[in-house]
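Novice: When you get a sec, could you give me coordinates for this:
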Amino acid sequence: MTNVNKNKPIQATAPSEDDEFYIAWGRETLKNNITFANEVLRQLVSLNVALLGGSIIFLDDKLLDSTFKLFIILAFLLSLIFSFAGIMPFGRYVDLRVAEDIRRHKRLVLSWKLYFLGTAGVLLGIGFILALAGILVHKP
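Specialist: You can find the predicted model right below:
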């Protein structure tokens, strides 16, 4: 065993300006992640509403088989539902006097929002892929 004097002060150097800048930037980014995820989800809601409306009104059987149309509409609708669910407030009790509770709550909120964001994005991509495949496969 080593003999360590616990009363001896620790010697360290002050962080550089770059270190302080990146630490502050990292904290700002972490703080803004939930707000940014909400904004993206709101934009996905608007995009999905437009795509869903367009796919219902403008896609007819002359351009696309009705089977593809059904799955495209379903993918856009599910993407809309996941986007909308993601922007809803996250209602869990958190004690604002305990930093660890706040940290845990914010991480949970961000992980759920990223789940909804990722799922909505994948469904949106599936809708576009199905639309492209439906147009390429369609024989008038």
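Novice: Isn't Gly127 up against Phe76?
Specialist: Yes. Using Cβ atoms under 8 Å, Gly127 is in contact with Phe76, at 4.7 Å. Where you see a C-beta, it was placed from the backbone N, CA and C, and this is true even at glycine.
Novice: Quickly list what's touching both of those two.
Specialist: Leu51, Ser55 (Cβ atoms under 8 Å, 6 or more residues apart in numbering).
Novice: Looking at the two, which one has more neighbours?
Specialist: Phe76 (27 against 23; other Cβ atoms under 10 Å).
Novice: For that one, pull up the helix or strand it's in.
Specialist: helix 66-87 (DSSP states H and E).
Novice: what's the next secondary structure element after that helix?
Specialist: From helix 66-87, the next helix or strand downstream (DSSP H and E) is helix 99-137.
Novice: for that next one, packing partners?
Specialist: Helices and strands touching helix 99-137, as assessed by 3 or more Cβ pairs under 8 Å, 6 or more residues apart in numbering; DSSP states H and E, comprise helix 17-58, helix 66-87.
Novice: Lowest average pLDDT across those helices?
Specialist: Mean pLDDT per stretch puts helix 17-58 lowest among these, at a mean of 83.
Novice: tell me the angle that helix makes with helix 66-87.
Specialist: Calculated by axes from the mean of the first three to the mean of the last three Cα atoms, to 10 degrees, helix 17-58 forms an angle of 140 degrees with helix 66-87.
Novice: From the contact counts, what lies against helix 17-58?
Specialist: Against helix 17-58 (3+ Cβ pairs under 8 Å, 6+ apart) you get helix 66-87, helix 99-137.
Novice: How far does that helix sit from its chain's centre?
Specialist: Computed by Cα atoms, centre = their mean, to the nearest Å, the chain-centroid distance of helix 17-58 equals 7 Å.
Novice: Equivalent analysis for stretch 87-96, please.
Specialist: Taking Cα atoms, centre = their mean, one finds stretch 87-96 lying 17 Å from the centre of the chain it belongs to.
Novice: which of the helices and strands packed on helix 17-58 is buried the deepest?
Specialist: helix 66-87 (a mean of 19; mean count of other Cβ atoms under 10 Å).
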